[in-house]
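# Please find the sequence and the predicted model below.
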Amino acid sequence: MATPRLVTVAATQMSCSPDTKDNVDAAEALVRRAAAAGAQVILLQELFSTRYFCQEQREEHFLLAENPNESALLARFQALAEELGVVLPISFFERGNNAFFNSVVVFDADGRRLGLYRKSHIPDGPGYQEKFYFNPGDTGFKVFDTQFGKIGVAICWDQWFPEAARSMALQGAELLLYPTAIGSEPQDPTLNSSAHWRRVMQGHAGANLVPVVASNRVGREEYPGSHITFYGSSFIADQTGEIVVECSYVSSNRGESEGGNGTAIDASRMGAASAAVTPGHSRHFSCGEPGGPGGEIILHTFDLEGVRLQRAGWGLFRDRRPSLYRPLLSLDGRAAV
């Protein structure tokens, strides 16, 4: 019988204010609380140190970009990963000479920097004007071999593309992580993409038999001529695509919220809550009002060895026919010559 390989993953969600220090302090507090509850891999949301500045096009926002080798933000969370013994993928606005990227650096549980991923798919539309700020990433899809398993990390709009998830799974990813910033659509207040957003990633989990962790920001953010209510709904899905635990959903309708699921835990007792961890165990706790500055944390424990055996037994990767997939190499579906 296979020896279980238990890994506890956490997703967080929080609102962001105009004060970068407050945002970073809040993110660190969530990481510390998740680690106290037993999390070993902890995912924060996309660009958590600031509000989502891509709602508008302003040159001064380029001042937020950082060289990864000189970033105080990355240095702080690198030290935190080492202190707590946890894996931390950290999202930030990257400056590389005259290029700018929406990037993630992955820190291992001993604080080592394992590498960097640059967002590949860059959206452009009302309220989500990322092409003004970010070059398309040039790293390709990557998998990071951490102390707690191999993780693939992609960013927000990347999560809508099955090719990204499959590429990471083919490289051996045992967990797929998606830091995110998504909410209401300024051009159509009646459009609610939250269920669609989740179903797409649930499909990635089921199609690859790899668990998915998604962390989204939450709350209303306003800029001149635009506002977005980020709906939260961060979740963890198992290898069949079933959502096993989720954070609160916040509606653009007056900021109304609906609670998440999982075993509720008093944030003051999280250390004790980490004592009895078994495969399939989920927990959810709020560090304040849903959608408020305190944030939320969800955790789930996976047996990655059990998942690996299920993936092998299901035959998806055995029965692939790469020679038939040439149309995927073109924009219009014509097989590459």
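Received the coordinates, thanks. Remember, predicted model here, so these are calculated numbers, not experimental data. Numbers count the residues shown, from 1 in each chain.
# Now do the SS call for residue 78.
helix (DSSP: H, G, I helix; E, B strand; the rest coil).
# measure it to residue 323 for me?
43 Å (Cβ to Cβ, to the nearest Å). Glycine gets a C-beta too; all of them are placed from N, C-alpha and C.
# Pick out whichever of those two has more residues nearby.
Shown here are residue 78 and residue 323; by other Cβ atoms under 10 Å, residue 78 has more neighbours (19 against 6).
# from what I can see the more buried one touches residue 109, true?
No: using Cβ atoms under 8 Å, residue 78 is not in contact with residue 109; the gap is 11.4 Å.
# who does the nearest residue to residue 77 once chain neighbours are set aside bridge with?
Closest residue in space to residue 77, ignoring its immediate chain neighbours: residue 90 at 4.8 Å, by Cβ to Cβ, 6 or more residues apart in numbering. On the basis of DSSP bridges, residue 90 is bridged to residue 105.
# Quick one: neighbours of residue 109, just the number.
Residue 109 has 17 neighbours, counted by other Cβ under 10 Å.
# Contacts only, for it.
40, 81-82, 85-87, 146-148 (Cβ atoms under 8 Å, 6 or more residues apart in numbering).
# Top of these by number of neighbours, please.
When neighbours are counted by other Cβ under 10 Å, residue 87 leads the contacts of residue 109 with 27 neighbours.
# give the contact list for it.
Contacts of residue 87 by Cβ under 8 Å, 6+ apart are 40-42, 81, 106-109, 146-148, 151.
# That one and residue 301, how far apart?
Residue 87 is 15 Å from residue 301, by Cβ to Cβ.
# before we move on, the earlier item: and the residue nearest to residue 77, how close does it get to residue 132?
23 Å.
# of those two, who's got more company?
residue 90 (27 against 16).
# Tell me if I'm right that the more buried one and residue 107 touch.
Yes: if you go by Cβ under 8 Å, residue 90 and residue 107 touch, sitting 6.7 Å apart.
# what sits in contact with each of those two?
Common neighbours of residue 90 and residue 107, using Cβ under 8 Å, 6+ apart, are residue 77.
# Let me see the ranges of the helices in the stretch 101-250 of the chain.
Using DSSP state H, counting those that start in this stretch, the helices of the stretch 101-250 of the chain run over 162-170, 194-208.
# between those helices, which one is nearest to residue 4?
Residue 4 lies closest, by Cβ to Cβ, to one member of those: helix 194-208, at 19.9 Å.
# Report the mean per-residue pLDDT for the closest one.
Taken as a whole, helix 194-208 carries a mean pLDDT of 98.
# what helix or strand is residue 23 on?
Element membership for residue 23, per DSSP states H and E: helix 20-36.
# Any idea how many residues pack against residue 233?
For residue 233, using other Cβ under 10 Å, the count is 24.
# ok, it - contacts?
Contacts of residue 233 (Cβ under 8 Å, 6+ apart): 194, 197-198, 216, 246-249.
# what do you get for residue 138?
residue 118.
# repeat that for 10 Å
96, 99, 101, 118, 120 (Cβ atoms under 10 Å, 6 or more residues apart in numbering).
# Can you tell me which of these are buried?
Those of those that meet the buried threshold are 101, 118, 120, by 16 or more other Cβ atoms under 10 Å.
# Could you tell me which of those are located in strands?
Per DSSP state E, strands hold the following members of the buried ones among the contacts of residue 138: 101, 118.
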